[in-house]
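Asker: 3D model of this:
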Amino acid sequence: MPLSLQYQIIYLFILAIPIACIAWTVTHEEVFREPRDFCEKKAKECSSFWQRKFFYLFTCEYCFSHYIVFIFLIFTRYHLLYNNWRGYILAFFALVWIANIYMSLFGFLRVGMKNEKIESKIKEVELEECEDDKKNKNNL
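Answerer: Presented below is the predicted three-dimensional model:
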């Protein structure tokens, strides 16, 4: 039984969440740093065009999200607007697009959080230096 358009849209935004999560984790997070470093090295050093592109896909969240979406479509059989192959193609590109919006927003939030953390550390150091200066003046 085909889903109503309302449910198809809800599924679109919900399915994009784990897709974005997987793509971001593999391409950015510390837990996959060693394999990602290996893939980055191979993407630069391999002589074959296809090998370079294969290894590159593990370093780019946009590229990697396409493969994750493809796997999700196989398992979920989600389609958008049409109940045939056209619906799968629309779902494919819509899921990639929404997942990449999620990853962009997450990246933007993360940069903001890192900036705040750096600024707070700078203020802590300045405060400690100020306190040390006061102690040194009092000791003289």
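
Asker: how near is residue 106 to residue 51?
Answerer: Residue 106 sits 30 Å away from residue 51 when distances are taken as CB to CB, to the nearest Å. For the C-beta atoms, the positions are set from N, CA and C on the backbone; glycine is no exception.

Asker: And the residue nearest the centre of this protein?
Answerer: Residue closest to the mean C-alpha point of the chain, counted by CA atoms, centre = their mean, is residue 24 at 2.5 Å.

Asker: which non-adjacent residue is nearest that one?
Answerer: Nearest residue to residue 24 in three dimensions, chain neighbours excluded: residue 103, at 5.1 Å (CB to CB, 6 or more residues apart in numbering).

Asker: Next up, the contacts around the one you found.
Answerer: Neighbouring residues of residue 103 by CB atoms under 8 Å, 6 or more residues apart in numbering: 20, 23-24, 61, 65.

Asker: closest to residue 98 among the residues you listed?
Answerer: Distance ranking of those against residue 98, using CB to CB, places residue 20 first at 8.0 Å.

Asker: Which positions within the strand or helix carrying that closest one qualify as buried?
Answerer: Applying DSSP states H and E as the criterion places residue 20 in helix 5-28. Using 16 or more other CB atoms under 10 Å as the test for burial, helix 5-28 gives 8, 11-12, 15-16, 19-24, 26-28.

Asker: from memory residue 106 sits against residue 17, does it?
Answerer: No: under the contact definition of CB atoms under 8 Å, residue 106 does not touch residue 17, with a separation of 10.5 Å.

Asker: where does residue 60 sit relative to residue 67, distance-wise?
Answerer: With distances taken as CB to CB, residue 60 is found 11 Å from residue 67.

Asker: Low-confidence regions, the protein specifically.
Answerer: Residues of the chain that meet the criterion pLDDT under 70 lie in 1, 139-140.
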